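**Q** Based on what follows, work out the 3D shape:
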Amino acid sequence: MSSIIDTVIAHHQEHYPQSTDCALFASPGRINIIGEHIDYNGGTVLPAAIDKHIYICVSRNDDGIIRFISANHTETGEVAINNLYSPQTMTHAAHTWWVYPYGACVLSNIEFDYGLDFSFYSTLPVGAGISSSASITVGTLYALYSLYNKKIKNIDLALQAQKVEWDFAGVNCGIMDQMAIINGKKDNAIMLNTRSMDYSFIPVDTSAVRFVLVNSGVKHSLRESGYNDRRQECERALLMLKKAGFAINELCDCSVDDLIQIQTILPQTEYKRTCHVITENHRVSQFAQEIQYYNLSKAGELLYKSHESLSVYYEVSIPLIDEMVEWASSIDGVYGSRLMGGGFGGCTISMVALYAVEHFTGAIAQKFKKKENRTPEIYECSIGDGTRRIE
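**A** From the prediction side, this is the model:
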């Protein structure tokens, strides 16, 4: 940890040589073990914070300006405190990477009486579905409240971070990413009811299994993909079911048994989306039960079923991701694999026996190289703690 801290601080001081004292925060990425595309449909999900982070270094300036720089982006941001809330500033920021920390500053409702210099240093792969945008937003909000000694509940901070995505980045995301990132706990997944915000920790025995991500190299952007289309399709389906007499508030209020009747009500597209949502919500509770009882093969089979549903019914996979899941299924020691994240690219997540991780990474890289003529990025993830101040 000390070497990355030194690197992050050196990066900050290189760009802000006038800074004398800085605070350092770590905001993790997250994996979602199972429960995809149901966090905005009132479902229960099973994410976990990981040991890869966006590091946020902040120092004070007397210029009355908030500045944003990143080791991972060439473009820099600079906003005078007096112009922080202007429509022109918001419009300009919307087309930049720093829309997330900027939006966090605006929605924090902090009365800035001095300027701040922010630097960001990421060890998260961009566009891989590990939720770098939520990580940077949650981390910025956490840093601001820490610096100004203001208390805020984790749930309220998560909701503010979600609102940044909605109002500033134009992505109508659910609450899963933000809640996982702020509430992460080492060696535990978070079973989160996205409607009530109630959650519990599900222990994951890392001496038995690891979760390995394989990056397809196809970068996705939720702003440019069909993410919002899928959300709108679910909203249409919910409205149609209500009009048909279903006493529900969210699609996940329906049971698997309801699908027979639902199929007679909804058009094909809306039915397919609803079918995924309802069955995926059921799979989450099944998975949590199986992994706690060490029924790893049964838990893994649920991951394969999740992917099939995401590909066939929710239609957010791509041919390369489908192949990657098929490759994983043929490798010894793999319990299950699926597309992770919003879809249209990004990563697969595979649950692999600890003894087989090295074999899996070599085998999947070989298959990928043969098909794509390039070597994939592969990440073995440890489950870690949530956003925190480290210096």
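
**Q** Show me what secondary structure element comes after whichever helix or strand residue 23 is part of.
**A** Element membership of residue 23 [criterion: DSSP states H and E] is strand 22-34. Scanning forward in sequence from strand 22-34 by DSSP H and E, the next helix or strand is strand 44-61.

**Q** what packs against the following helix or strand past that next one?
**A** As assigned by DSSP H and E, the chain's next helix or strand after strand 44-61 is strand 65-70. With contacts defined as 3 or more C-beta pairs under 8 Å, 6 or more residues apart in numbering; DSSP states H and E, strand 65-70 has these neighbours: strand 73-80, helix 99-107, strand 115-122. The way it works is simple: take the backbone N, C-alpha and C, and place the C-beta from them, glycine included.

**Q** so the first one versus helix 99-107, what angle?
**A** Taking axes from the mean of the first three to the mean of the last three C-alpha atoms, to 10 degrees, strand 73-80 and helix 99-107 form an angle of 20 degrees between their directions.

**Q** rewinding a little: now the strand holding residue 23: how far from the chain's centre is it?
**A** With C-alpha atoms, centre = their mean, to the nearest Å as the basis, strand 22-34 stands 10 Å off its chain's centre.

**Q** So in that sheet, which strands flank it, and in what orientation?
**A** strand 44-61 (antiparallel), strand 388-389 (antiparallel) (DSSP bridges).

**Q** Out of these, which gets nearest to residue 324?
**A** Checking the strands paired with strand 22-34 against residue 324 by C-beta to C-beta gives strand 44-61 as the closest, at 19.4 Å.

**Q** Name the residues of that closest one that come out as buried.
**A** Across strand 44-61, burial judged by 16 or more other C-beta atoms under 10 Å covers 44-59.

**Q** and if you look at stretch 344-363?
**A** Within stretch 344-363, the residues that count as buried by 16+ other C-beta under 10 Å are 344-353, 356-357, 360-361, 363.

**Q** Among those, which are located in strands?
**A** Using DSSP state E, the members of the buried residues of stretch 344-363 that fall in strands are 347, 348, 349, 350, 351, 352, 353.

**Q** Of these, just say which sits nearest to residue 203.
**A** residue 351 (14.7 Å).

**Q** For that closest one, give me its contacts.
**A** For residue 351, the contacting residues are 33, 209, 210, 211, 296, 299, 300, 303, 334, 335, 336, 337, by C-beta atoms under 8 Å, 6 or more residues apart in numbering.

**Q** Weed out the non-buried ones from those residues.
**A** Buried by 16+ other C-beta under 10 Å: 33, 209, 210, 211, 296, 299, 300, 303, 334, 335, 336, 337, out of these.

**Q** So which of the helices and strands packed on strand 65-70 is nearest residue 12?
**A** Nearest of the helices and strands packed on strand 65-70 (C-beta to C-beta): strand 115-122, 4.2 Å.

**Q** Give the other helices and strands that that closest one contacts.
**A** Against strand 115-122 (3+ C-beta pairs under 8 Å, 6+ apart) you get helix 2-15, strand 44-61, strand 65-70, helix 132-147.

**Q** can you rerun that using 10 Å?
**A** The contact analysis (3 or more C-beta pairs under 10 Å, 6 or more residues apart in numbering; DSSP states H and E) places strand 115-122 against helix 2-15, strand 22-34, strand 44-61, strand 65-70, strand 73-80, helix 99-107, helix 132-147.

**Q** which residues of the stretch 201-350 of the chain fall in helices?
**A** Using DSSP state H, counting those that start in this stretch, the helices of the stretch 201-350 of the chain run over residues 227-243, 259-263, 268-292, 296-312, 319-329.

**Q** Of all the ones you listed, which one comes closest to residue 123?
**A** Here helix 319-329 is closest among the helices of the stretch 201-350 of the chain (C-beta to C-beta), at 22.6 Å.

**Q** Pull the number of nearby residues for residue 18.
**A** Neighbourhood size, residue 18 [other C-beta atoms under 10 Å]: 10.

**Q** got the contact list for the closest residue to it other than its chain neighbours?
**A** Nearest non-adjacent residue to residue 18, counting by C-beta to C-beta, 6 or more residues apart in numbering: residue 61, 7.2 Å away. If you count contacts by C-beta atoms under 10 Å, 6 or more residues apart in numbering, residue 61 has them with 16, 18, 19, 67, 114, 115, 116, 117.

**Q** how about those residues in TSV, adding distance to residue 314 and pLDDT?
**A** As requested, the contacts of residue 61 are exported to TSV (distance: C-beta to C-beta, whole Å; pLDDT from 0 to 100):
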residue	distance to residue 314	pLDDT
16	44	95
18	50	90
19	46	88
67	40	98
114	47	94
115	45	96
116	41	97
117	42	98
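
**Q** ok now do residue 119, which residues does it touch?
**A** So residue 119 contacts 8-9, 11-16, 19, 22, 24, 55-59, 67-71, 76 (C-beta under 10 Å, 6+ apart).

**Q** Good, wrapping up.
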